[in-house]
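S.K.: my questions are about this predicted structure, shown below with the sequence.
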Amino acid sequence: MIIEIGHYALILVLATSIVQSLLPLAGTLRNDPALMAVAPAAATAGFLLTLFSFFVLTFAYVTSDFSVRNVWENSHSLKPMIYKVSGVWGNHEGSMMLWLLILAFFSALVATFGGNLPDRLKANVLAVQGWITAAFALFILLTSNPFLRLDPAPGEGKDLNPILQDVGLAIHPPLLYLGYVGFSVCFSFAIAALIDGRIDAAWARWVRPWALMAWSFLTAGIAMGSYWAYYELGWGGWWFWDPVENASFMPWLAGTALLHSALVMEKREALKIWTVLLAILTFSLSLLGTFLVRSGVLTSVHAFATDPTRGVFILAILIVFIGGALSLFAFRAPALKAGGLFAPMSREGALVFNNLILTTAAATVLTGTLYPLVLESLTGEKISVGAPFFNMTFGLLMVPLLLAVPFGPLLAWKRGDILAAGQRLFAAVGVGLALAAIVQWMHGGGPVLAYFGLALGFYMLAGSVTDLALRAGVGKVSAGIARKRLFGLPGSAFGTALAHFGVGVTVIGVVAVTAFETEHVVEMKPGATVSAGGYTLTFDGIRQGRGPNYTEESGHFSISRGGVKTSEVWSSKRLYTARRMPTTEAGIRTFGLSQLYVSLGDHMGDGGIVVRVWWKPMILCIWLGALIMMAGGAVSLFDRRLRIGAPQGARTTKAAARLEAAE
Amino acid sequence: MFFWILVAVLTAAVAAVLLLPLLRAGGRSNVDDANDAEVYRDQLEELKRDEAAGLIGKAEAELARAEIARRLIAATAREGASKDGRQPASARRRNLLAQALIIVVMPAVGLCLYLSAGHPELPAQPLAARLANPGSDVNILIAKAEAHLAENPDDGAGWDILAPIYYRNGRIEDSANAYREAMRVLGPSAARLDGYAEALIALSGGIVTKDAREALQQSQALDAGNPRTRFYLALALEQEGRRDEALAAFEALAKDSPADAPWLPLVNRHVAGLSRGEQAKPPGNPDAGQVAAADEMSPDDRRQMIAGMVESLASRLQEDPDNFEGWMRIIRSYAVLDQRQAAEDALRTALKNFPPQSENGRQLLALAGELAIKVEGSEQ
């Protein structure tokens, strides 16, 4: 009976969200506070219902209740408990439930902590959240209902796709969805502003933390997914420009732009209309990401929905929300008041530059992802837009952006001095080039461009440190005062520096792996050796084993350096019995930030086995950088600081005053 | 009943939560411009704190203060202007309308969708509870037996018990496999060989394949008088086109059977068909060429061929719905192909032509029971 109550609660979510999307909007149109007050109540009730419904589904998974069709299709009684739970969102229906749960959670957060929001804004925001909730609840109930039953109940389930039975994939979707859906709040704020035709002072204060939070989670989610693909798929790559990856990367690029433009808006009330548009675009790309992965248009590692009716439904959702939002923007944006003026060479100007490049990059990725799909549906011709396209276009776009990153924080608001900023960055440039030269001297060989890439990464690290040092007044004041000022710096200053530092770390990892990794594909018999990255691997033999729901064969390798055994590694191939599906469990050994990656291939007739060995120098930097970026986002999020731009005094006072007057 | 009470309580509770703000109407409203002013005052406070902490220079702070103050003044001016009276009468009417909407929408949406997709009568069935108390839950008994056999694959008696249960539940492939395992452990017996052959025949859509025939012949060597073996061997002859031999075999089988043997009508129908010299009467019966081809095929191809045969049989049954044998065959075929829905539909249509009370109807129902297919009226 508990299952059926959960089902009913999910239906009530739809009913509640219908009320939530109609009454508050009527309230703001008629200026009726009673109707507006329904919004928070409905959002909270909707969240509690969704939570209950989700718990019931989880309960069905945990207790292996195979009378629930979704459980039967995606679970197995022998699966370890963690994968029983993660199996809830390891399939189409359940992942849509997770999406809905997070959406409802964010609506409830806005409802609960929105006390200082103007009533009209809050009612409109929650109404828009209500539309999204209603659309997704209806989608789940009509095309992907996880509560359908089987009678009589089967005795055993069909098991979760084994490549999804992994800790990485257990936490990857929730992180990703926290990001995707987090941008829905920014979207709702944008639509609310357009409906009302005004942007309140509180608007930017609310949008920026949401953008930050969503962005941090999305960063973590993408990094997690990339690391999972790296160690689970056994291909040794960390980014494939696969449409599913691009689907999460596009909202990240747009979200990064949004984050920065929201910053300008919050401090300077400039770029208002642009921020609204970016908020719409970012969430549109999140929806598109869902569409690309869920509708079955794409066959990819985890595009597990293949039902075309779902695709049509999601397409309708996309058209209504993206088309509707953009039309509303076209009609109402002229009504919004533009604010804050600034000179081209200023902090604002730098952020505009950032926005231009990031949106162009997002558009590039979008083109590369959608063009083959559109072409195939129109002409039936299949083309593949692969890594070379993205590396050329995207890579080239990133270079000027990355060069400019350290300049941004050094420029003053309203009017900055790029020469002064450049002078202050001399040290950083020097450090970057020097470190790259040292690497060249120690390592030798490799393409020249790679060393410039490394120099770029080091320069970004040094640039972030420079930013903090200048703010603390290092060199101008005594060390004690500088230290005091450093610790007194606002969280957002540390957040900026950390995030930019993280980008630099990722750049170093990407460049090092791309330019210096080595790959060996060899056939090995027990006793054979292969060397990679200065280490020697000896193949010791194969062992058969079995886990709770799989059998495996593992190869054992001893790793030695200079004749001394330093380490060992197991690399396995598993066969999951319920689905008769094989997976690779690559053997990975970490040395500092570099890794040795061993993956087993097929048996050869003569007792040998194909082994692939990669040496991945500095590869951990890629994900470490993402973690640092995320930490930067978190630090910045907890900053409760002055939210208004203070123009640079002294020299620029007059110019600033003039600009003030013009505002 | 308890379930519906819970549903009613849940619906009422959610509706009450939504209604509460409407019933408390007339609360203070948070006017936008007042809110803006609040934000700006907040910013002034923060500016003061930061200036004291030395986080912002004196000159910059002065400029920032001027900027905020200007926005603050503008906001307060608007605030004063926007205070107006409301029309209480129309607001109250709207309020009633909103209340009505909530009271209607909640149960209407809830019940409409739930009644179309929900199963209020089905309890939750956690696996642990089902395992602890399996009762007559066939799937659980099978699952338990499977778990036991996975640990002790040499328990021949276990395979012996499981094989026919698989067959009855439509898991023909598992059934064939279980018979094979039982024979591996305990050696062949007539019953195992017959069951194995029957599973193979069902798997190839009614064709007595070479493997099946060999199993049957081996079974006959062990137990010559078994009517089931003799029937299938005769069927094999008929499918190979050796009609005279088949007729003789069927006639001999009919002669040796007691008058009330349940298989007798079926045998007699074959005798009648063969002696009239007709092509095999039930449409969809494979011809000798198909039989030979099926022997050579890979399992996938064979499955595909069967699907094609089933399709043509279905279209012929549409024209000639009185063909009882055809219905029996197609229902079994659908079950073997694991198309439960199609099997149920076919059974339903067949029962229209052959009412459940009639002899043929009873045979249809018996088949449905054997294959665990359920339709309305099939459970009496």
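M.R.: Thanks, I have the structure now. Residues are numbered from 1 along each chain as shown, chains lettered A, B, ... in the order given.

S.K.: find me the pLDDT at residue 55, would you?
M.R.: Chain wasn't specified; assuming chain A. Looking at residue A:55, its pLDDT reads 96.

S.K.: oops, chain B please
M.R.: 56.

S.K.: same question, residue A:181
M.R.: For residue A:181, the predicted pLDDT is 91.

S.K.: residue B:260: how many residues sit nearby?
M.R.: Burial measure for residue B:260: 6 neighbouring residues, criterion other C-beta atoms under 10 Å in any protein chain shown. Using the backbone N, CA and C atoms, a C-beta is placed for each residue, glycine as well.

S.K.: so it, which of the three states?
M.R.: coil (DSSP: H, G, I helix; E, B strand; the rest coil).

S.K.: residue contacts, the residue located most distally from the centre of chain A?
M.R.: Taking C-alpha atoms, centre = their mean, the residue of chain A most remote from its mean C-alpha position is residue A:606, at 46.1 Å. Contacts for residue A:606 were tallied using C-beta atoms under 8 Å, 6 or more residues apart in numbering or on different chains; they are residue A:525.

S.K.: 10 Å - rerun?
M.R.: A:523, A:525 (C-beta atoms under 10 Å, 6 or more residues apart in numbering or on different chains).

S.K.: and it, helix, strand or coil?
M.R.: From three-state DSSP, the assignment for residue A:606 is coil.

S.K.: which residues of the stretch 401-550 of chain A lie near chain B?
M.R.: Within the stretch 401-550 of chain A, the positions lying close to chain B (C-beta under 10 Å from any C-beta of the partner chain) are A:412-414, A:471, A:481, A:484-485, A:488-490, A:493.

S.K.: mind picking the lowest-pLDDT entry from those?
M.R.: The member of those with the lowest pLDDT is residue A:414, at 65.

S.K.: could I get stretch A:102-115 in PDB with only the CA atoms?
M.R.: This file holds the C-alpha atoms of stretch A:102-115, laid out as PDB (Å, rounded to 0.1, in the frame of the first residue of the first chain):
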ATOM      1  CA  ILE A 102      15.600  18.900  -6.700                       C
ATOM      2  CA  LEU A 103      13.300  21.300  -8.500                       C
ATOM      3  CA  ALA A 104      10.800  21.100  -5.700                       C
ATOM      4  CA  PHE A 105      13.500  21.500  -3.100                       C
ATOM      5  CA  PHE A 106      14.800  24.700  -4.700                       C
ATOM      6  CA  SER A 107      11.200  26.100  -4.900                       C
ATOM      7  CA  ALA A 108      10.800  25.300  -1.200                       C
ATOM      8  CA  LEU A 109      14.100  27.000  -0.400                       C
ATOM      9  CA  VAL A 110      12.900  30.200  -2.200                       C
ATOM     10  CA  ALA A 111       9.600  29.900  -0.400                       C
ATOM     11  CA  THR A 112      11.200  29.500   3.000                       C
ATOM     12  CA  PHE A 113      14.100  31.900   2.800                       C
ATOM     13  CA  GLY A 114      12.500  34.400   0.500                       C
ATOM     14  CA  GLY A 115      11.200  36.500   3.400                       C
END
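
S.K.: can you pull the buried residues of that stretch?
M.R.: Residues A:102-111, A:114 are the ones in stretch A:102-115 that count as buried (16 or more other C-beta atoms under 10 Å in any protein chain shown).

S.K.: so where do the helices sit in the stretch 1-150 of chain A?
M.R.: A:2-30, A:33-36, A:38-62, A:69-74, A:81-86, A:92-113, A:119-143 (DSSP state H, counting those that start in this stretch).

S.K.: also the stretch 251-400 of chain A?
M.R.: According to DSSP H, counting those that start in this stretch, the helices that the stretch 251-400 of chain A contains are A:272-294, A:308-318, A:324-332, A:347-379, A:387-404.

S.K.: mean pLDDT lowest where, among the ones you listed?
M.R.: When I compare the helices of the stretch 251-400 of chain A, helix A:308-318 is least confident, with a mean of 77.

S.K.: before I go, just wanted to say thanks for your time.
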